[in-house]
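A.B. asks: Fold the following and give me the result.
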Amino acid sequence: MHVIILLLEFLAVWAVAGWVIRRWTDSWVVAIGGGFIAMLIGGAILAAVINATSKGESDDPACRQDLRCWAEEYQAKAERACRPEIEDLAPIDVRWDDEFLLDEFSKFKWADEAAGTVMYFGDRVQFQNAQGAWVRQRYSCTYDPATETVQRVRAEPGRIPSS
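C.D. replies: Reported below is the predicted structural model:
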């Protein structure tokens, strides 16, 4: 969802800057190029602001007690840490779904509530088997936000039930 919003903001900056530059000049090339440069600069500033404000750690102590809040707070970090570990489970080759707007994990639960570890689940990867066929896998990754480490990963053929 964040990616869609970011792309829309980039396009809005490009369109507005292009329109403003077009009013000053009589060249569409200059307007499009200027809008593109403004989009890049605005995007860099926006990315810096987002990065500075989203540390991945909640200041709210109630978040630590709420599974949804805690899991969503650390999901991006868990995805970055878990993805290579999941890929290492593939016997031959691996490919992820091309739907880049979707999260790699669709479900989560406490692995150890007292320790704050979360087990994330997903099914957006395929492993190639010995016959060359691609087989969808459901996988889990236990992530510890305190140490920012992966504790355990597993994968098996199939999809996560939709319930």
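A.B. asks: which residues in the chain form helices?
C.D. replies: 2-24, 28-53, 61-65, 67-87 (DSSP state H).
A.B. asks: Give me the helices and strands touching the last one, please.
C.D. replies: So the one you mean is helix 67-87. Under the contact definition 3 or more C-beta pairs under 8 Å, 6 or more residues apart in numbering; DSSP states H and E, helix 67-87 sits against helix 61-65, strand 107-112, strand 117-128, strand 134-144, strand 149-157. For every residue, glycine as well, the C-beta is placed using N, CA and C.
A.B. asks: Can you give the contact residues for it?
C.D. replies: By C-beta atoms under 8 Å, 6 or more residues apart in numbering, the surrounding residues in contact with helix 67-87 are 56-58, 60, 62-64, 94, 103-105, 108-110, 113, 116, 118, 120, 125, 139, 141, 143, 145, 148-150, 153, 155.
A.B. asks: ok, of those residues, which come out buried?
C.D. replies: Among the contacts of helix 67-87, those buried by neighbour count (16 or more other C-beta atoms under 10 Å) are 58, 94, 104-105, 108, 116, 118, 120, 125, 139, 141, 143, 145, 150, 153, 155.
A.B. asks: Need the max-distance pair from those.
C.D. replies: Farthest apart among the buried ones among the contacts of helix 67-87 by C-beta to C-beta are Ser58 and Val94. That separation is 32.2 Å.
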